[in-house]
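Asks: need coordinates for the below:
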Amino acid sequence: MEKYLLSVTAAMKRLSALILLLCPMFLYAHGVTLYDHAQIKELSSFCIMGVIELRTEKDVSAAPAYRTLNHEGGMKVAVLEIMKADVYESRHGLWLYVILTSPLWADNGEWIEKSRKFLIFLPDDMPVYDFEA
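Replies: Predicted coordinates for the structure are as follows:
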């Protein structure tokens, strides 16, 4: 029994070392991270992590139809049109008309299929991931 416990302990140590070695890899698993939204152009694609309001109307004064969940998959979009730079809820950013390139869950529990178009506000201080110009 003691021999078995020693081999389990050795295996646990090796597993712990492997996990510690791989953790940084998962933290940097995303591709290009963009902090300068001036580089966003029409047809740019990227992933947004965080809560974003989705408007089905192409009108900044329209009420949001959905809000995204802040989960590890993020919201993957392609930019159809850059509407304008603006301040919304005391944050500077861009209004973008986008198309979803992957489905996602909304905070109300609804499943939103890809290829749906939405107007979103992207705050300047929110980085985007896996950016492609």
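Asks: low-confidence stretches in this protein?
Replies: Within the chain, the ranges that satisfy pLDDT under 70 run 1-30.
Asks: where do the strands sit along it?
Replies: Ranges of strands within the chain are 45-48, 53-54, 66-67, 75-88, 91-100, 104-105, 111-112, 117-123, 128-132, based on DSSP state E.
Asks: can you give me the offset of the fifth one from its chain's centre?
Replies: In other words, strand 91-100. 13 Å (Cα atoms, centre = their mean, to the nearest Å).
Asks: that strand - contacts with which helices or strands?
Replies: strand 75-88, strand 117-123 (3 or more Cβ pairs under 8 Å, 6 or more residues apart in numbering; DSSP states H and E). Every residue, glycine included, has its C-beta placed from N, CA and C.
Asks: how about K41: what's its closest non-neighbour residue?
Replies: Spatial nearest neighbour of K41, chain neighbours left out: A133 (6.1 Å); criterion: Cβ to Cβ, 6 or more residues apart in numbering.
Asks: can you get me a residue count around the closest residue to F46 other than its chain neighbours?
Replies: Leaving aside its sequence neighbours, F46 sits nearest to V128 (Cβ to Cβ, 6+ apart; 4.0 Å). By the measure other Cβ atoms under 10 Å, the count of residues near V128 is 24.
Asks: and the residue nearest to K41, how far from L34?
Replies: According to Cβ to Cβ, to the nearest Å, A133 stands 9 Å off from L34.
Asks: what do you get for L69?
Replies: Counting by Cβ to Cβ, the gap from L69 to L34 is 22 Å.
Asks: same question, G74
Replies: 13 Å.
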